[in-house]
Every structure is written in C-alpha cells, then in structure tokens.
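1. Provided below are the primary sequence and the corresponding predicted coordinates.
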There are 2 protein chains.
Amino acid sequence: MNVLSQTTGYAIEALACLAASSSKSMMVREIAAETGIAQAYLAKVVQRLVVAGIVDSKRGYRGGISLSRSPGDITIKEIDDAVEINRPPDRCLLGMTHCSEERACPAHDYWKKTRESVRRRLTTLTLADIVEFEAPRRHAGGKEPSPLEAG
Amino acid sequence: MNVLSQTTGYAIEALACLAASSSKSMMVREIAAETGIAQAYLAKVVQRLVVAGIVDSKRGYRGGISLSRSPGDITIKEIDDAVEINRPPDRCLLGMTHCSEERACPAHDYWKKTRESVRRRLTTLTLADIVEFEAPRRHAGGKEPSPLEAG
DNA sequence: CGCTTAACAGACCCTTGGGTCAATAAAATA
DNA sequence: TATTTTATTGACCCAAGGGTCTGTTAAGCG
C-alpha cells in the first residue's frame, strides 16, 4: 500500500478538476492548464483512467474526456489501482526484505493494522469528497488565473 | 517518513546480526555472508553508520566493525536517519504535490496522525528489540533452514 | 472531400535507489 | 620493512518513475 505516488496525485487532481467543472467534458489541455500538471504527462495518466473505465474519451474536434460515473461513485483506491499499473508488493515497515507473514519483523502486526486502516480510508474517500473539500479554494480564485476561462 | 527503505532494512539486519554475535567485533564480509546482503553494497551502508557514530570500525588485519553503544540504546529511527541521507520531505497520502499545512488534502490530518504514530513506533523500537525478536529463528539454525532439515 | 482538432501511442531523456568493481589507506604480523 | 588483511572511497552500471517529443488515429466541420 504505502503512500500514493505523485502520478496518482495527478490523476486525483485532474479528476477533481473535471468533476468540479460546470461543463461535462474537458480537454486534457484545459485540465493541465488549470491544475498546472504537465500536459504531455497528464495525457498518459488520463489514458490509464480511460482503460480502467473511470473516464470516457472522445477524439478529434470538440473531443475531450468526461467522468464515466458520478464523483461519489469513484473511490480514491479505485483511481490508485487504475494508475498504479503493476505496483510492487507491500513493503515491510522496517524495510526488511525477508519479512513475511510467517517470518515477521517486530513491527509487522502494527504495520499490517496501519496499512489496513489506510486502505479503509482510501476505499471510503471518493472523488466527491475531494471536490467538496477543494471547493473553497476554487472560489477563492486559485493561483493559476486559468487563461482559457476568459473565452 | 513513509516506510523505511530497503537499504535501511539492510542496516537493521546487519546491526542486529552484529548485536546478536557472541564476538564484539565482526568483519563486513562475515555479516554479509550471514545476512545474505551483497557485501560491496553492505560496506557502503555500514560506512554511513560509521559516520553517524553508531558503529566503530577498525581497518586492516583483525579489523572489523562493532557497535559503539548497547543495542538497547540504538533506536530504529536513529538508524534510519543515519542511512537515509538527504531524504525527500514527507509526501501527501494522496500524492498531491500542493498539499501542505495551509493547503491540506482531505486526508491530511489523518495522515499526519498516522505518520506521528509510526514515528513514535520507530523511536521506541531499539536494536535490542530486533535481536530479541529474531532470537528464535537464529537458534533454529542459520538463514535458510533448508526444508529438508525436518527429515 | 480535405482541414482541423484532440486523444492515443511509441521512442526517447533524466534522476534516483540499489548495486558492482577496482583502487586506496591503515593496521597487524612475519 | 614487506606482506597481508580489511575498511574506505570513487567510478561506473541498471531499472523504474516521472517527463518530453514526435508522430498517428479518429472525430467534427466547411
């Protein structure tokens, strides 16, 4: 489990941005501009979300991406699983390579419980929670003036 | 904070091996053989422990390394700090890059508490605990018990 | 139809952690 | 003193995550 990667963080931010938008569909370019994530890389991340069925995409003129479900039905854990393709197995808290269920380290049970707690948190937390939580700072205007909004 | 690196795990295993040994001093080569850690790399890891003052070293004939203090006085956190030279700052649970004390993510407080709990655990746990915990399997006879042994 | 547009896909780059290898420095001993 | 021995140091190697760049495909529009 560990902590979510920077890339997963991008996915969450992007999806939150998409969910908070008034328009159902957005271009990757717009999301990149609004979140400050590098566009080329975000495109790759989004692709994984498409494959996982979390977002729908449409190519070409007036294309873009949109959520395939309601934000409340998209869990953070799900996003993480979609992005973190072939992730390494859970690591021992103490970094010991031979630590396992049969051959445990002194912190094994403690860490197992902690991981479990985190996992619960991630399966409980949905995209809707993220959006709601970020709502205030969105209204505050944010740091990036969002050049596209002016149209 | 996150989880300790594989390298820190090596350091812990090596120090535990050293602490459990009947002889006060051991050669890096011996520790490598006993723990299964690659000798050349272990030498580098040990070096950091020397610099941090956790182990003393003596070069040349009949040289080797030894603990500078009693195992009960060496905490896991301390070992981690010694090994993890210029470590990156704590990351957000959700991987969000802009998450900070002022601009928190929905899991920020939860994760802060969890990290704190882990930190306490690591400052409490000492090398002596590791040794004690591993004592049984040490008596069981070597690293790979070789399943055939039962015969 | 051709043009434009935006998602998609692949090759490539850079940094970091883990790891090897060869040379160097100091301590004991013959 | 020469030799052996072991820690120490620096150069280099490899894989993975994060990131860029250059196309290629599929939509809409005139």
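-> Received it, and whenever you're ready, just let me know what you need.
2. which parts of chain A are strands?
-> A:55-58, A:64-67 (DSSP state E).
3. tell me which of those sits most buried.
-> Among those, ranked by average contacts under mean count of other Cβ atoms under 10 Å in any protein chain shown, first place goes to strand A:64-67 (a mean of 20). Placement of C-beta: from N, CA and C, glycine included.
4. what comes into contact with that one?
-> For strand A:64-67, contacts defined as Cβ atoms under 8 Å, 6 or more residues apart in numbering or on different chains pick out A:15, A:18-19, A:24-28, A:30-31, A:46, A:50, A:54-58, A:74, A:127.
5. please apply the same query to stretch A:15-28.
-> A:31, A:34-35, A:39, A:42-43, A:46, A:49, A:54-55, A:58, A:63-67, A:71, A:74, A:79, A:127-128, A:130-131, A:134-135, A:138.
6. same thing but 7 Å
-> Residues outside stretch A:15-28 that contact it (Cβ atoms under 7 Å, 6 or more residues apart in numbering or on different chains): A:31, A:34-35, A:39, A:42-43, A:46, A:64-67, A:71, A:74, A:79, A:127, A:130-131, A:134, A:138.
7. separation between the nearest residue to A:Thr123 once chain neighbours are set aside and B:Asp129?
-> Nearest residue to A:Thr123, sequence neighbours excluded (Cβ to Cβ, 6 or more residues apart in numbering or on different chains): A:Lys77, at 4.5 Å. From A:Lys77 over to B:Asp129 the distance is 33 Å, taken as Cβ to Cβ, to the nearest Å.
8. equivalent analysis for A:Leu49, please.
-> 44 Å.
9. quick one, which of these two is more surrounded?
-> Applying other Cβ atoms under 10 Å in any protein chain shown to A:Leu49 and B:Asp129 shows that A:Leu49 carries more neighbours, namely 24 against 18.
10. wait, the more buried one touches A:Val55, no?
-> Yes: here A:Leu49 reaches A:Val55: they are 4.7 Å apart, a contact under Cβ atoms under 7 Å.
11. buried set for the helix or strand of chain A with the lowest mean pLDDT?
-> Least confident helix or strand, chain A: helix A:127-139 with a mean of 83, by mean pLDDT, DSSP states H and E. Buried residues in helix A:127-139, counted by 16 or more other Cβ atoms under 10 Å in any protein chain shown: A:Leu127, A:Ala128, A:Asp129, A:Ile130, A:Val131, A:Glu132, A:Phe133, A:Glu134.
12. cool, and stretch A:45-54?
-> Within stretch A:45-54, the residues that count as buried by 16+ other Cβ under 10 Å are A:Val45, A:Val46, A:Arg48, A:Leu49, A:Ala52, A:Ile54.
13. how far away is the third one from DNA strand C?
-> Taken as Cβ to the nearest atom of the strand, to the nearest Å, the spacing of A:Arg48 relative to DNA strand C amounts to 9 Å.
14. read off the pLDDT value for A:Lys143.
-> You'll see A:Lys143 listed with a pLDDT of 43.
15. sorry, back to before: of the buried residues of helix A:127-139, closest to B:Thr7?
-> Distance to B:Thr7 across the buried residues of helix A:127-139 (Cβ to Cβ) is lowest for A:Ile130, with 34.1 Å.
16. quick check, pLDDT for A:Ser146.
-> For A:Ser146, pLDDT reads 37.
17. elements contacting the helix ranked longest in chain A?
-> For chain A, the helix that runs over the most residues, judged by DSSP state H, is helix A:108-124. Counting contacts by 3 or more Cβ pairs under 7 Å, 6 or more residues apart in numbering or on different chains; DSSP states H and E, helix A:108-124 packs against helix A:76-83, helix B:108-124.
18. with mean pLDDT and mean neighbour count added, can I get these in a markdown table?
-> Output for the helices and strands packed on helix A:108-124, formatted as a markdown table (pLDDT from 0 to 100; neighbours: other Cβ atoms under 10 Å in any protein chain shown):
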| stretch | mean pLDDT | mean neighbour count |
| --- | --- | --- |
| helix A:76-83 | 97 | 22 |
| helix B:108-124 | 95 | 15 |
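19. and of the ones you listed, who's closest to B:Met96?
-> Distance to B:Met96, taken as Cβ to Cβ, is lowest for helix B:108-124 among those, at 9.3 Å.
20. understood, closing this out.
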